[in-house]
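Participant: got a sequence here, can you build the structure:
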Amino acid sequence: MADGAVTEHEQDILLEKKQVITVAQGRDKAGRPIVRIVGKNFPARELGDGGGGQAEAALKGYVRRRVLPAIGDAEFVVVYMHSGVDRGENFPGVGAIRAAYESMPAAVRERLHAVYFLHPGLQSRLLFSTIGRFLFSSGLYGKLRYVSRLEYLLVHMRKGELDVPEVVRRHDDELERRPLMDYGIEASERCGEFDAASMDTTASLRSLRCVS
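Facilitator: This is a model prediction of the structure:
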């Protein structure tokens with residue numbers, strides 16, 4: 001390990017402390033356990049992400065070491081909350097979701113029923129609808145569900161079981177007040193949040209990090 005590098009143990013402790021991924025966050029309507037991912041909590045800078053993919057590598061390792069053992073043999077769903085994500089500080093986006101998915105063994109991928117992507121930016125929705133089939137495996141592509149509002153997500157969950165962070169609720173309220181944000185016509189009050197300014201068309205994780 002180079003001087004100043006974050007060890008795997010330190011990465012795991014940091015991701016756990018930040019509550020980036022939480023297992024058993026309630027159940028969906030069919031009784032499947034929920035794995036919640038809060039994008040705003042993702043500490044990209046603290047993980048040493050200087051553009052070389054360290055943050056994605058840390059996330060993949062954490063999924064293997066901590067998340068998969070906690071999931072066990074049950075069928076499950078993932079809720080990824082993109083609300084309030086800042087490109088310069090904690091920008092996981094579509095690339096991180098793909099990295100986490102690819103770190104799972106095939107048997108676990110089969111048990112993943114759906115990935116709910118709450119509050120997607122305009123660029124991520126365009127990416128998914130145009131070249132998503134070429135960038136994602138057919139398994140992940142078929143399971144990804146974009147959800148524009150919290151109320152539409154909660155339709156699929158048991159009432160009162162999903163713990164929704166305050167930042168997600170505030171962002172949802174802001175979208176209700178300013179619906180043009182969904183189409184990239186009106187920017188968020190918080191500069192740099194919610195949507196990316198550009199979209200790289202290559203399939204690498206590094207370029208996908210720049211897609212909201």
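Participant: got the end-to-end distance for stretch 23-41?
Facilitator: Length of stretch 23-41, first residue to last, C-alpha to C-alpha, to the nearest Å: 15 Å.
Participant: no wait, stretch 119-137
Facilitator: One end of stretch 119-137 to the other measures 22 Å (C-alpha to C-alpha).
Participant: one more: stretch 116-126?
Facilitator: With C-alpha to C-alpha as the measure, stretch 116-126 spans 16 Å from end to end.
Participant: and the average pLDDT for that stretch is what?
Facilitator: Confidence over stretch 116-126, taken as the mean pLDDT, stands at 80.
Participant: also stretch 28-36?
Facilitator: The pLDDT scores in stretch 28-36 average 95.
Participant: residues making contact with that stretch?
Facilitator: Stretch 28-36 is touched from outside by 21-27, 67, 71, 74-79, 81, 113, 156-158, 161-163, with contacts defined as C-beta atoms under 8 Å, 6 or more residues apart in numbering. Bear in mind the C-beta positions are built from the backbone N, C-alpha and C, glycine included.
Participant: swap in 7 Å and give it another go.
Facilitator: Stretch 28-36 is contacted from outside by 21-27, 67, 71, 74-79, 113, 156-158, 162, using C-beta atoms under 7 Å, 6 or more residues apart in numbering.
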